[in-house]
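Q: here you go, sequence then predicted model.
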Amino acid sequence: MKVAIIGQQDFGKAVLEAFLARGDEVAGVFCAPEKEGAKPDPLRVAAQEKGLKTFQLPSLKGPEAVQAMKDLNVDIGIMAFVLQFAPQDFVKIPKHGTIQYHPSLLPKYRGPSSINWPIIRGETETGLTIFRPNDGLDEGEVVLQKTTPVSENDTLGTVYFDRLFPMGVAAMLEAADLVVAGKHKEVVQDESQASYEGWCRAAEAKVNFNNHVDFVHNTIRGCDPAPGAWTTLNGKKVQLFGSKKHLVRTFGAVKGKPGEITAITDAGMFITVQGGQVEIAKAKHEDGKKVSAAEFATAFGVSAGTLLGS
């Protein structure tokens, strides 16, 4: 088939390479312009290295984008990690329209941080959706969905890089084949089941050790590796990674008070929270690099009895 890729970053690059690897024709690639000082976009670099027509337009809403898509004369548009708004007069130009990837089980978790929030909220399953983009945010008809379990110690990194990323690349190929062959079904999303969450950024990633151990643990792993759940040490930011939870099951068994480090071992740093402790494998001080908990303790004078969050 003849396709246009609309996307950016490593996922967009992987989708591009997957279509090329099986012999499809990529007529053109649309990717957002890089911000000044930003690293080169892997999708843009890959497309140009392969000699493909590459469009870096400030907006997909103008006549330039519409004309560029018309000139490509493609069978289907493939939206792979797109942050630019793509209007209907752009996405409907290809013969079979356009399909888009979203890393959640729509209609749940619409929005830009749709991998973080299911983990933070303790979901035991998530997945991906290939859908028809419309003028709403992640609201179009569903073409294909895939699910994956979320274990107690899964992180944003393991869920995305180990599963939703490779599953998403394969699903884009599968969905494109179904649509072009006319063998797909389009299911309208059930608005009664819909939810929207915005960005998970630094403000949302701040740890409150007075919260229950489940919530603290889920927040840390849902922000691992980005944006990085954090607390403070002597007024400076410390990010926490590699959380495991330890529940307390009897009265009086909690050691220390919320935010207090009670032990540091080669495996991790134990911090008291409501209902138990979280064991942190790695930490990053704002003045240093991400290191093991033991290395962090040595470098910044942390020991049993140190109180975080101050």
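A: Received, thanks.

Q: CA atoms of stretch 270-281 as CSV?
A: Extracted in CSV, the C-alpha atoms of stretch 270-281 (Å, rounded to 0.1, in the frame of the first residue of the first chain):
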residue,chain,number,x,y,z
PHE,A,270,13.2,2.1,52.8
ILE,A,271,10.9,5.0,53.4
THR,A,272,7.9,5.0,55.7
VAL,A,273,4.5,5.9,54.4
GLN,A,274,0.9,5.3,55.6
GLY,A,275,0.3,1.6,55.8
GLY,A,276,3.9,0.4,55.2
GLN,A,277,7.0,1.3,53.4
VAL,A,278,8.3,1.9,49.9
GLU,A,279,11.6,0.5,48.9
ILE,A,280,13.4,2.7,46.4
ALA,A,281,16.1,1.2,44.2
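
Q: list the contacts of it.
A: 209-214, 216-217, 220, 240-248, 254-264, 267-269, 292-293, 308 (CB atoms under 8 Å, 6 or more residues apart in numbering). For the C-beta atoms, the positions are set from N, CA and C on the backbone; glycine is no exception.

Q: buried residues in that stretch?
A: Within stretch 270-281, the residues scored as buried using 16 or more other CB atoms under 10 Å are 270, 271, 272, 273, 274, 275, 276, 277, 278, 279, 280, 281.

Q: possible to save those as CSV with distance to residue 129 and pLDDT?
A: Listed next are the buried residues of stretch 270-281 as CSV, based on distance: CB to CB, whole Å; pLDDT from 0 to 100:
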residue, distance to residue 129, pLDDT
270, 39, 97
271, 36, 98
272, 39, 97
273, 34, 96
274, 35, 95
275, 34, 94
276, 35, 96
277, 37, 97
278, 32, 98
279, 34, 98
280, 33, 98
281, 32, 98
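
Q: between these, which sits nearest residue 157?
A: residue 281 (12.6 Å; CB to CB).

Q: helix/strand/coil for the closest one?
A: strand (DSSP: H, G, I helix; E, B strand; the rest coil).

Q: now residue 48
A: Assignment for residue 48 (three-state DSSP): helix.

Q: try residue 11
A: Assignment for residue 11 (three-state DSSP): helix.

Q: I'd like the distance between it and residue 299.
A: Remark: distance between residue 11 and residue 299 (CB to CB, to the nearest Å) = 35 Å.

Q: who's more crowded, those two?
A: residue 11 (21 against 14; other CB atoms under 10 Å).

Q: related to what we said a few turns ago, among the contacts of stretch 270-281, which are in strands?
A: Judged by DSSP state E, the contacts of stretch 270-281 include 240-247, 261-264, 269, 292 as members of strands.

Q: OK, contacts around the residue lying closest to residue 138 once chain neighbours are set aside?
A: Excluding the flanking residues, the one nearest residue 138 by CB to CB, 6 or more residues apart in numbering is residue 110, at 3.9 Å. Residues in contact with residue 110 (CB under 8 Å, 6+ apart) are 102, 104, 137, 138, 139, 194, 195, 196, 197.

Q: the second one reaches residue 131, doesn't it?
A: Spelled out, that is residue 104. No. Here residue 104 lies out of contact with residue 131, judged by CB atoms under 8 Å, at a distance of 10.7 Å.

Q: many thanks, have a good one.
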